[in-house]
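> sequence-free structure coming up:
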């Protein structure tokens, strides 16, 4: 059994004069990331590995989530996740080592919401509909796969266990 946690970064400050890559989280974003992290800690425990976009807002989201997990998580910044389309995200997930049973990926929309919808074939229809219609900041999709490794993940091969937004927790 494999479990994939797809997390969109939390609410970031608007783009002004700086670079999009360097945008930090807002106070609300930090609170949302903490709430979703606490939900992850209680519902799934600590993932075996986390990949996160190296942009400031995704790195900060990961750090806040990691701080509330029951134990330290092995994590790797992944430049290729910055504004990655769904197929790039899927390619990174397919490349995860077989020893990783639960993976957390922290990235950006639209890629995160699209790959969550792409991979989900089963699960509560109300959650699948919510996920397909909107994947807001700090949204989390937990998708389970009955597979021996990550390499063969196919569209609609997963079961949506949970779809959580900060307003849900």
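All right, it came through fine. If you're wondering where the values come from, they're calculated on a predicted model, not measured in any experiment.

> Now the element after the helix or strand bottoming out on mean pLDDT in the chain, going C-ward?
Least confident helix or strand of the chain, by mean pLDDT, DSSP states H and E, is helix 125-133 with a mean of 92. Under the assignment DSSP states H and E, the closest C-terminal helix or strand after helix 125-133 is strand 140-145.

> And the contacts of that following strand?
Applying CB atoms under 8 Å, 6 or more residues apart in numbering, the contact partners of strand 140-145 are 1-8, 36, 39-40, 43-44, 112, 116, 119-120, 123, 131, 135, 153, 157-165. Quick note: C-beta positions are derived from backbone N, CA and C, even for glycine.

> Kindly recompute the last result at 7 Å.
Residues from elsewhere that reach strand 140-145 (CB atoms under 7 Å, 6 or more residues apart in numbering): 1-7, 36, 44, 116, 119-120, 131, 153, 157-164.

> what's the answer for stretch 13-22, then?
23, 24, 26, 55, 56, 82.

> Ends of it, what's the gap?
Using CA to CA, to the nearest Å, the span of stretch 13-22 from its first residue to its last is 10 Å.

> could you give me the average pLDDT of that stretch?
Average pLDDT, stretch 13-22: 85.

> Tell me the gap between it and the middle of its chain.
Counting by CA atoms, centre = their mean, to the nearest Å, stretch 13-22 is centred 22 Å from the centre of its parent chain.

> Could you number the chain from 19 rather than 1 from now on?
Yes, from this point I'll number from 19; that puts the last item at stretch 31-40.

> The lengthiest helix in the chain versus strand 158-163: what angle between them?
If you go by DSSP state H, the chain has its longest helix at helix 45-61. For helix 45-61 and strand 158-163, the angle between their directions (axes from the mean of the first three to the mean of the last three CA atoms, to 10 degrees) works out to 30 degrees.

> Pull out the buried positions in helix 45-61.
Within helix 45-61, the residues that qualify as buried are 47, 48, 49, 50, 51, 52, 53, 54, 55, 57, 58, counting by 16 or more other CB atoms under 10 Å.

> Who are the packing partners of the least confident helix or strand of the chain?
helix 129-137, strand 176-182 (3 or more CB pairs under 7 Å, 6 or more residues apart in numbering; DSSP states H and E).
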